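Undergrad: build me a structure from this.
(4 chains)
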2 protein chains.
Amino acid sequence: MAKLDFSPIADTTRRAEIVALLRRAILTGQLEPGQKLNELRISEQMRVSRAPLREAMRELVQEGILTSIPYAGTFVVDVAAKDIIDAYSLNKVLDEFAIELAWPQRNQRFFDELDRRHEAVKQATRAVDTTRQIETALQLHGLVYEWADNAVLLETWQRLTSRLQMYFALHQRARNEPVPAEDVHETYVALLKGSDMRAAQRHAREHIDLDFEELLAYARGLEKRASKN
Amino acid sequence: MAKLDFSPIADTTRRAEIVALLRRAILTGQLEPGQKLNELRISEQMRVSRAPLREAMRELVQEGILTSIPYAGTFVVDVAAKDIIDAYSLNKVLDEFAIELAWPQRNQRFFDELDRRHEAVKQATRAVDTTRQIETALQLHGLVYEWADNAVLLETWQRLTSRLQMYFALHQRARNEPVPAEDVHETYVALLKGSDMRAAQRHAREHIDLDFEELLAYARGLEKRASKN
DNA sequence: TCTTGTTAGATTGTCGACAATCTGCTTGTC
DNA sequence: GACAAGCAGATTGTCGACAATCTAACAAGA
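TA: Numbers count the residues shown, from 1 in each chain, chains lettered A, B, ... in the order given. Presented below is the predicted three-dimensional model:
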């Protein structure tokens, strides 16, 4: 019998589809921070009842991108400068740990996948598709987590990623100019292929800091706007 | 006007109460790993409809202590040795980070709270209340996270704590003998009061390893039992 | 004018019933 | 006896309606 790996079939519940739809809307910035989600309106738009919609919302609340106040409503989480700083500083620590765990697991398949994802980033960059650019970049960074062989770490990172993606999207949206077309991941990929783990960890930190500077500037703008109200 | 700090009023939704009830049942081991949660039966026992119960379950699924399979049911997560190892190794990294962040924030209030929580552990130990012993020990360890002033880190740890508490409870439940009455936190507390941060971090790691050895032995038993089926 | 009480409208929380799906048993066929 | 098809029961997923609660506007009184 020919050996064939089947991927798991898609979730067939409305709930799962609603979660995907809402998550995408939030992470791409179509739903803005602080915005209220009206259950009746959304359920009518999606042509579903409120039950699966509400269950989906509970999931996203636990995922940390929605926040719920009883009898008041469910809102897209507000983003403060502090949140971005916190997420990034934790991300640094986790990245270092992930690289350490993944390091001995690296093999040809790892390198191939690394190249594949790097290529996806470059392609999105060429196409000037900012949303996809963010997605692919995070997927590139996610590879070490997937290879770290630590389910809890991977899950933690995926939760963190949700917010990072949201922050990036907001950032991109805020500034009207297009994203830089240069490829900042060249060194990162090269180091992950190399033999100096410490160097790779160090670069991951510095690389993150680089993006961080821009994001932080955006965050400060948020703060200023908030203090006006 | 006298200055008075009001704490936020309790959540008044059935959903929130159900979450608390179920979480407690799982973390204390009353609901065993792999066990199926029958919605109709539970909703009748609690005298609520299935809607808030299901929403509560979604939250606990995202929290990582329940797992759901569409049209099949919702189950208490299975615990494998690998899960315990993964959770603990991540916990070590986070502990080190938390201590680093909390270190410059320490003040008299921190030390007072540290003593208070330490006292709570000792009291639970004297009373041979194993469930409470686990709870208080985790709260003691949680202090540095609360003082680290990083919301994302704190939230991550709280999620991790859920599982750790569950693992400990299962462990305690598995062995019939009572828990050791000695106090293993004396050194931990002393080091957090001291001036050598590295020493405190190092001890946190080793201390965790200590508990870990016992837990791992339990985990191996689980593996053996699983392989029989 | 400021505060307090009231009320109407909108929105969230909860309920009971129905639809979709799964599981295990039974039946029939070879 | 082995195996597939089909049926019945139980359980989960979804729906529409009702109850509880909040918000904002308005009225009444100090």
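Undergrad: buried set for stretch A:98-112?
TA: Using 16 or more other CB atoms under 10 Å in any protein chain shown as the test for burial, stretch A:98-112 gives A:98-103, A:110. All C-beta atoms are positioned from the backbone trio N, CA, C, and that covers glycine.
Undergrad: one more: stretch A:62-75?
TA: For stretch A:62-75, a neighbour-count test (16+ other CB under 10 Å) marks A:62-66, A:68, A:74-75 as buried.
Undergrad: helix, strand, or coil at the residue lying closest to A:V19 once chain neighbours are set aside?
TA: Excluding the flanking residues, the one nearest A:V19 by CB to CB, 6 or more residues apart in numbering or on different chains is A:A56, at 4.5 Å. With DSSP: H, G, I helix; E, B strand; the rest coil as the basis, A:A56 sits in helix.
Undergrad: give me the distance between A:A56 and B:P70.
TA: 13 Å (CB to CB, to the nearest Å).
Undergrad: and for these two, which residues touch both?
TA: A:A16 (CB atoms under 8 Å, 6 or more residues apart in numbering or on different chains).
Undergrad: next, A:N38: phi, psi?
TA: With angles defined as degrees, to the nearest 10, A:N38 sits at phi -80, psi 120.
Undergrad: check contacts around it.
TA: Contacts of A:N38 were listed using CB under 8 Å, 6+ apart, and they are A:G73.
Undergrad: the residue nearest to A:V19: neighbour count?
TA: Applying other CB atoms under 10 Å in any protein chain shown, we find 26 residues neighbouring A:A56.
Undergrad: can you pull the pLDDT of it?
TA: pLDDT, the model's per-residue confidence, is 97 for A:A56.
Undergrad: among the buried residues of stretch A:98-112, which one lies nearest to B:R173?
TA: A:L101 (30.5 Å; CB to CB).
Undergrad: quick one: the closest one and A:E146 touch, right?
TA: No - look at A:L101 against A:E146 with CB atoms under 8 Å: they stay out of range, at 10.7 Å.
Undergrad: got the phi and psi for the closest residue to chain B within chain A?
TA: The minimum distance from chain A to chain B, using CB to the nearest CB, falls at A:Q62 (3.3 Å). Dihedral pair for A:Q62: phi -70, psi -30, per degrees, to the nearest 10.
Undergrad: I'd say it and B:Q62 touch.
TA: Yes - assessed by CB under 8 Å, A:Q62 is found in contact with B:Q62 at 3.3 Å.
Undergrad: can you tell me which residues contact A:Y167?
TA: Contact analysis of A:Y167 by CB under 8 Å, 6+ apart lists A:79, A:83-84, A:87, A:215.
Undergrad: ok, the lowest-mean-pLDDT helix or strand in chain A near chain B or not?
TA: Ranked by mean pLDDT, DSSP states H and E, the weakest helix or strand in chain A is helix A:197-228, scoring a mean of 75. No - for helix A:197-228, no contact with chain B is found by CB under 8 Å from any CB of the partner chain; the gap never falls below 12.7 Å.
Undergrad: please name every helix or strand in contact with that helix.
TA: In terms of contacts (3 or more CB pairs under 8 Å, 6 or more residues apart in numbering or on different chains; DSSP states H and E), helix A:197-228 is packed against helix A:81-102, helix A:151-174, helix A:186-193.
Undergrad: among the buried residues of stretch A:98-112, which pair sits farthest apart?
TA: Of all the pairs that those form, the one spanning the most space (CB to CB) is A:E100 and A:F110, at 14.7 Å.
Undergrad: which SSE is A:T67 in?
TA: Assigned by DSSP states H and E, A:T67 falls within strand A:66-69.
Undergrad: name the element A:V79 belongs to?
TA: Applying DSSP H and E, one finds A:V79 in no helix or strand.
Undergrad: do you know how far the nearest residue to A:H141 once chain neighbours are set aside is from B:W147?
TA: With sequence-adjacent residues excluded and distances taken as CB to CB, 6+ apart, A:H141 is closest to A:D95, at 7.4 Å. With distances taken as CB to CB, A:D95 is found 24 Å from B:W147.
Undergrad: between those two, who's got more neighbours?
TA: Remark: of A:D95 and B:W147, B:W147 carries more neighbours, 23 against 20, as counted by other CB under 10 Å.
Undergrad: can you tell me, leaving aside adjacent residues, what's nearest to the more buried one?
TA: For B:W147, the closest residue by CB to CB, 6+ apart turns out to be B:A102, at 4.0 Å.
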